[in-house]
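Fold the stuff below for me.
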Amino acid sequence: MQTPQTIRPSKAAVAFGLTYAGHFAIHVSRKAFAAAHGELENNWGFTGGFLGILDTMFMMVYGVGLLVSGYLAERMDPLVDSWYPPSSHGKVFSIWATHAIAGNVAGLLLAALLDFLEGSASLLPLLLIPAGLLVFTGILQKAFIFQGPMQHQPVEREDAPQQEAIPLRTVLRLPWVRSYALAFAACRIVDVAVFFWVVLFLHE
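Now for the predicted structure:
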């Protein structure tokens, strides 16, 4: 196993940059699609009800995907995690987590730029450019990213008791867990509603 001193910073930077770029592209595509609602409804014949159903189905799939990815992450080594020592995880992941905000801003800027340049003809490039960015970053990740040398496995002692996973029903009985979960769910509902529909409201 390599120590933090023997890891080449260039390889760690590639893993960080390409995974950041991939998640950045995901948020660009999501925001670009949200920005296209007005164009879809006004010029392409999509009704507001249909777009609402489409958004709801998307968020349902997205929510299930989060549960599945969380389940898989507990059983697999996170990619960026394997390139940095535990002492730097806070700094590294606090920077890495900005991909969502950066992608949302870039998606809105792309929509505004295309609307300024193309007008009503901006819908197709608004959907194709983020899609192409997703494909491009995916190809780069497949070609240039691999598991890092640091395997962060807990040290097991022979005399240590075996720990079992806590059932969900037990977690929900802990103090404030349900209240916090409901409050966070309400915040996410507001966030998603604004995320998808504020552009259409402003356009109208």
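
which regions of this protein sit below the pLDDT cut-off?
Per-residue confidence for the chain (pLDDT under 70) gives these ranges: 1-9, 74, 76-77, 120-121, 151-165, 195-204.

repeat that with 50
Residue ranges of the chain with pLDDT under 50: 1-5, 154-155.

What strand or helix carries residue 185?
helix 177-203 (DSSP states H and E).

mind listing the helices for this structure?
9-35, 37-43, 48-73, 89-96, 99-118, 123-144, 168-172, 177-203 (DSSP state H).

Could you pull up the residues touching the residue nearest the centre of the chain?
Nearest residue to the geometric centre of the chain (Cα atoms, centre = their mean): residue 23, 5.2 Å. By Cβ atoms under 8 Å, 6 or more residues apart in numbering, residue 23 lies in contact with 99, 100, 103. Where C-beta positions appear, they are placed from N, C-alpha and C, glycine not excepted.

Just give the closest residue to the second one, not the sequence neighbours.
Nearest-residue entry for residue 100: residue 27, 5.2 Å, with adjacent residues in sequence omitted and distances by Cβ to Cβ, 6 or more residues apart in numbering.

Burial check on the one you found, number of neighbours?
Using other Cβ atoms under 10 Å, the number of residues around residue 27 comes to 19.

The closest residue to residue 19 other than its chain neighbours and residue 47, how far apart?
Using Cβ to Cβ, 6+ apart and skipping residues adjacent in sequence, the residue nearest residue 19 is residue 80, 5.5 Å away. Relative to residue 47, residue 80 is positioned 42 Å away (Cβ to Cβ, to the nearest Å).
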